[in-house]
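# all I have is the shape, not the residue letters:
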């Protein structure tokens with residue numbers, strides 16, 4: 001490769017990155033809005049609660065929880081009849097557990113923050129046939145084992161769809177980007 005060819009290749013790369021910049025900013029804006037709606041407000045694309053937690057009783061090991069809580073049995077006892085301490089805490093339902101550790105009792109998919117972090121970091125952009133193609137995805141990571149994400153998406157299918165407000169913002173931002181290029 002000659003010096004002139006290298007300069008042309010570098011110039012093309014710089015132009016490509018400049019072409020991507022407004023779309024990257026748009027993507028990050030929408031990603032932030034969706035993350036706030038899903039993980040902080042616990043709302044789906046229609047503005048409804050993402051879902052309801054199970055009302056089945058559960059036992060949770062405090063070592064597996066993001067914040068500690070007292071161990072206890074179903075009737076509130078801290079020790080078994082044989083004198084051994086409980087190693088788990090009993091909760092009448094999952095929402096009670098989340099409320100106990102200060103996380104509220106609504107579905108917001110952020111108890112351990114793993115799902116939220118992978119949602120925020122899984123993005124890609126590429127140019128195909130002159131068009132910028134962006135992809136936002138939720139990645140399988142060591143903290144989000146394969147199958148867990150699919151299960152959540154299956155259980156709460158409308159949570160990650162774009163809301164009408166988000167679609168309106170995308171449309172307006174795309175119009176603004178196109179107008180700046182004219």
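Received it, and whenever you're ready, just let me know what you need. This structure is a prediction, so every number in the text was calculated from the model and none was measured.

# how long is stretch 75-93 end to end?
Chord length of stretch 75-93, first to last residue, is 14 Å (C-alpha to C-alpha, to the nearest Å).

# looking only at pLDDT, what's the mean for that stretch?
Mean pLDDT, stretch 75-93: 91.

# so what touches it?
53-62, 69-74, 97, 100 (C-beta atoms under 8 Å, 6 or more residues apart in numbering). Placement of C-beta: from N, CA and C, glycine included.

# give me the buried subset of those.
Among the contacts of stretch 75-93, those buried by neighbour count (16 or more other C-beta atoms under 10 Å) are 60, 71, 72, 97, 100.

# which residues does the residue most central in space within the chain contact?
Nearest residue to the geometric centre of the chain (C-alpha atoms, centre = their mean): residue 116, 3.2 Å. The contact partners of residue 116, taken as C-beta under 8 Å, 6+ apart, are 35, 39, 109, 110.

# ok, now residue 70?
Residue 70 sits in contact with 78, 89, where contact means C-beta under 8 Å, 6+ apart.

# can you list the buried residues in stretch 25-34?
Quick answer for stretch 25-34 (16+ other C-beta under 10 Å): 26, 27, 30, 31, 33, 34.

# which parts of the chain are helices?
3-35, 94-100, 114-121, 148-155, 164-181 (DSSP state H).
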